[in-house]
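[1] mind folding the following:
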Amino acid sequence: MKSGDLLALLILAAILIWIFRPRGRSTSKETVPTPSIARPVTTTKISNSADTADVGPLTSSTSGGWILNPRSSFPLTIDSLDRQRAELFKGICEKKRYEGTEGLTHALLPLIARSNLRCREVDEYIQKFRPRYLSALQSLQQTSKEWQQAAERDRQDLLPELRESALRTLEVRPDCDLIALFECAPQDATFDDALLDRYGMETLQFYMRYAGDLTRVHVVPTGNVELRKSFEKLTEVGLAARGTDIPLHEVLGTLKLKDMAAMVSDLLPPKWSRKAQAIEYLIAVPDIIDRAGKVLAFRELFQIKALPATFAQIDLATLSASWRHAEAVAWLIARTYIGGAMYLRDLELDRVMKGRHVEMEWQQDHNPCPMCVQAATRQPSKKNRPKTPLHIGCRCWIHTDYDED
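    Model prediction:
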């Protein structure tokens, strides 16, 4: 065996190790029958390939916008950015694509949310399939006797099931949060810009995890380092109160009745049956803060604050939905960018292994969409390698085995 051939085989082995690292997302509960020539693999993680395929430099489109990956099998075009920010976006794609779809999505999300950029291929998918999804959902609601007779709370319980059924009517279902993609696009993409400028995406994402209950006091021990740092960051920017800055009656509410009684046992307090009675008594004790300090570590206590009055017009539910949509867009860009690079890598391997006997077979998600199922009925070959991704956000790829001789 020639040294060059041995090196190529080692490269291929390393790639396959990366490919079979587990991860997956499902957009529907349906199980679609797969043709016998296709081998569904639920542990496939195509997004984590450490390939170095050159997808081409950022290129201006003749119809406006910027092509991120002009050499790719699935070029992506972004709009609403100047060259400087487009170059920044492209740089993130190149730097983070080796961290897989999840890593690249996380890196792209703040820029997408703040710049309000558009991806032309994602928009084209939404424009084509969103009306079909909404029409199917409306039809299911109209023909469901259970939906027609249900009260509002029961309809909220039924809606996820009907949404899934509506999604299953689509012949193309990218690997992303399709509900967010179709239902959560903001009316005004700029409504959160000032908020993002003030606090940043990472801080706000953490804030919104806990902003649903502003009365709760969170106990965060020193040993929980990352969580503690995040709460401390909220305190620094004014989105959380800490320790003695939290109203005393809410701090005392974190204690059990027996601990409350123990704090003032020397005062022979009455027997309490409810926390409210105990807290009312304790607040009247002159040295209660000193007493509480013996059983509580005030530095471990945090309470989320409401947004400042400057941002009172921002509804957190609307903001959360908007960011779900932005994350779905980021996920589609990331998966498609990486999938196109992998296809170029495979073409290069075909060139290096020219003359070798090769066996190919489809690898698909456990729930491929009808378009992908149909594609898998055609046996792939070295001379007729299917161009993947098949659609925006597609998970399909071709597993290739080369003989050593």
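[2] what stretches of the stretch 1-150 of the chain score poorly on pLDDT?
    1-51 (pLDDT under 70).
[3] element containing the residue nearest the centre of the chain, please.
    Of all residues in the chain, the one closest to the mean position by C-alpha atoms, centre = their mean is residue 327, 5.3 Å from it. Per DSSP states H and E, residue 327 falls inside helix 316-352.
[4] in that helix, what's buried?
    Neighbour-count burial for helix 316-352 flags 319-346, 348-350, 352 (criterion: 16 or more other C-beta atoms under 10 Å). From N, CA and C alone the C-beta is placed, and that goes for glycine too.
[5] same check, this time on stretch 268-283
    Per 16+ other C-beta under 10 Å, stretch 268-283 contains these buried residues: 269, 272, 278, 279, 281, 282.
[6] any residues touching that stretch, and which ones?
    248, 249, 252, 253, 257, 260, 261, 263, 264, 288, 292 (C-beta atoms under 8 Å, 6 or more residues apart in numbering).
[7] looking at the fourth one now. What's its pLDDT?
    So the one you mean is residue 253. In the prediction, the pLDDT value recorded for residue 253 is 92.
[8] now the strands for this protein?
    39-40, 59-60, 66-67, 77-79, 118-119, 218-219, 240-242, 301-304, 358-364, 397-402 (DSSP state E).
[9] so of the contacts of stretch 268-283, which ones are in helices?
    Per DSSP state H, helices hold the following members of the contacts of stretch 268-283: 248, 249, 252, 257, 260, 261, 263, 288, 292.
[10] for ChimeraX, what selects the buried ones among those?
    This is how ChimeraX selects the buried members of the ones in helices among the contacts of stretch 268-283, with burial counted by 16+ other C-beta under 10 Å:
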select :252,260,261,263,288,292
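[11] quick check, pLDDT for the closest residue to residue 375 other than its chain neighbours.
    Once flanking residues are discounted, residue 375 sits nearest to residue 390: 5.5 Å by C-beta to C-beta, 6 or more residues apart in numbering. Per-residue confidence at residue 390 stands at 96 (pLDDT).
[12] what's the neighbour count on residue 390?
    23 (other C-beta atoms under 10 Å).
[13] who's in contact with it?
    371, 372, 375, 396.
[14] any idea how far residue 229 is from the last one?
    From residue 396 over to residue 229 the distance is 40 Å, taken as C-beta to C-beta, to the nearest Å.
[15] list of residues touching stretch 304-320?
    Contact with stretch 304-320 is made by 186, 191-192, 194-195, 198, 207-208, 210-214, 216, 218, 234, 238-241, as judged by C-beta under 8 Å, 6+ apart.
[16] er, stretch 79-94 I mean
    57-58, 64-66, 68-69, 78, 104, 107-108, 111, 115-120, 333-334, 337.
[17] list the buried residues of that stretch.
    Within stretch 79-94, the residues that count as buried by 16+ other C-beta under 10 Å are 81, 85, 86, 89, 90, 92, 93, 94.
[18] next one: stretch 151-164
    So for stretch 151-164, counting by 16+ other C-beta under 10 Å, buried means 155, 158, 162, 163, 164.
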